[in-house]
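>>> here is my input, please return the structure:
(one chain, ligands or ions: 2)
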Amino acid sequence: MDTTVETRPPAHAPTRVLRPRPTRAQAEEAVRTLLAWTGDDPDREGLRGTPDRVVRAYEEFFEGYEEDPVALLERTFEETENYNELVVLRDIRLESHCEHHIIPLIGKAHVAYLPDRRVVGISKLARLVDVFAHRLQIQEKLTAQIADTIHSVLKPRGVAVVVDAAHQCMTTRGVHKPGVSMVTSRMIGEFESSETLRRQFFAMAGMGGA
Ligand SMILES: Nc1nc2c(ncn2[C@@H]2O[C@H](COP(=O)(O)OP(=O)(O)OP(=O)(O)O)[C@@H](O)[C@H]2O)c(=O)[nH]1
Ligand SMILES: [Zn+2]
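Ligands and ions are numbered 1, 2, ... in the order given. Okay, here's the model as predicted:
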């Protein structure tokens with residue numbers, strides 16, 4: 001076996017997209033089936049437009065499959081004033097769907113990096129969160145994908161990502177535990193090795209000194 005080959009794909013590797021995709025008519029028909037399965041009548045007036053609405057909503061929820069997260073970050077600029085301190089974007093609203101139940105998980109992401117000369121427009125960090133959030137997810141993978149993409153494209157000295165989100169599959173069904181949120185993190189480079197840096201990040205992101 002060639003040990004120089006990386007066998008684990010990077011977390012930001014594009015998700016395999018099923019081709020050919022089902023047609024829009026097939027997708028709407030699937031929604032009709034689910035509606036009938038609830039016991040309701042898909043032909044009654046209030047439900048007649050629902051398959052079309054659901055498919056349009058899915059287009060919006062899952063538009064992240066159509067976007068390239070790497071291309072998004074490639075437009076960086078050289079930092080002329082030699083800013084090499086922490087950059088933190090905190091409280092980025094995050095709306096995603098869990099891949100187990102296709103039910104929303106909603107919360108926020110805090111994203112930080114320690115530049116190594118190159119910086120990126122801050123809106124791109126928020127867009128990056130959206131690209132991965134607009135795919136079917138588990139929170140751990142979402143957190144890792146955000147951090148790993150910044151790390152591999154920007155090549156900074158370190159990256160830190162914390163995601164804090166409530167999973168509606170735990171509040172509106174199943175175990176029914178409102179008020180619970182899941183917190184996940186990914187620390188790379190100097191964030192992994194330096195507790196001081198981690199503390200600075202937590203403080204700047206408004207997470208106390210934890
Ligand atoms: N680790 C992790 N688990 C998640 C995430 N989103 C949902 N889950 C969990 O995925 C699990 C799926 O468990 P299953 O036993 O296969 O499904 P289920 O019977 O619907 O489970 P319950 O939700 O406990 O009713 C549940 O425990 C969910 O709470 C996530 O982002 N990360
Ligand atoms: Zn779920």
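
>>> please identify the pairing partners of the helix or strand containing residue 186 and their relative orientation?
Assigned by DSSP states H and E, residue 186 belongs to strand 182-189. Using DSSP bridges, the strands paired with strand 182-189 in its sheet are strand 158-167 (antiparallel).

>>> check the offset of the strand it pairs with from the chain's centre.
9 Å (Cα atoms, centre = their mean, to the nearest Å).

>>> next one: stretch 165-174
Computed by Cα atoms, centre = their mean, the separation of stretch 165-174 from the middle of its chain amounts to 17 Å.

>>> repeat that for stretch 78-88.
25 Å.

>>> which parts of it are buried?
Using 16 or more other Cβ atoms under 10 Å as the burial criterion, the residues of stretch 78-88 that qualify are 86-88. (Glycine included, C-beta is placed from N, CA and C.)

>>> what mean pLDDT does it get?
In this model, stretch 78-88 has an average pLDDT of 80.

>>> how long is it end to end?
Length of stretch 78-88, first residue to last, Cα to Cα, to the nearest Å: 18 Å.

>>> residues from the chain in reach of ligand 1?
Taking Cβ under 6 Å from any ligand atom, the part of the chain that reaches ligand 1 is made up of 98, 100, 138-140, 167, 169-170, 174-175.

>>> narrow those to those in helices?
Among the residues of the chain next to ligand 1, DSSP state H puts 139-140, 169-170 in helices.

>>> quick one, strands of this structure?
76-78, 87-98, 104-114, 118-120, 136-137, 158-167, 182-189 (DSSP state E).

>>> most packed of these?
Each of these was scored by mean neighbour count; the highest is strand 158-167, a mean of 24, by mean count of other Cβ atoms under 10 Å.

>>> quick one: mean pLDDT for that strand?
Averaging pLDDT along strand 158-167 gives 98.

>>> now check that strand, is it near ligand 2?
No - Strand 158-167 stays clear of ligand 2 (Cβ under 5 Å from the ion), getting no nearer than 5.7 Å.

>>> other residues contacting that strand?
Contact partners of strand 158-167, identified using Cβ atoms under 8 Å, 6 or more residues apart in numbering, comprise 94, 96, 98, 103, 105-114, 139, 142-143, 146-147, 150-151, 180-192, 194, 197-198, 201, 205, 207.

>>> cool, and stretch 77-92?
When contacts are defined by Cβ under 8 Å, 6+ apart, stretch 77-92 is touched by residues 108-122, 125-126, 129, 157, 197, 200-201, 204-206.

>>> coming back round to it: reformat the buried residues of stretch 78-88 as CSV; add distance to residue 57.
CSV is the format used below for those (distance: Cβ to Cβ, whole Å):
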residue, distance to residue 57
86, 38
87, 34
88, 32
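
>>> got the contact list for the closest residue in space to residue 40 that isn't next to it in sequence?
Nearest residue to residue 40, sequence neighbours excluded (Cβ to Cβ, 6 or more residues apart in numbering): residue 47, at 6.4 Å. Residue 47 makes contact with 35, 40-41, according to Cβ under 8 Å, 6+ apart.
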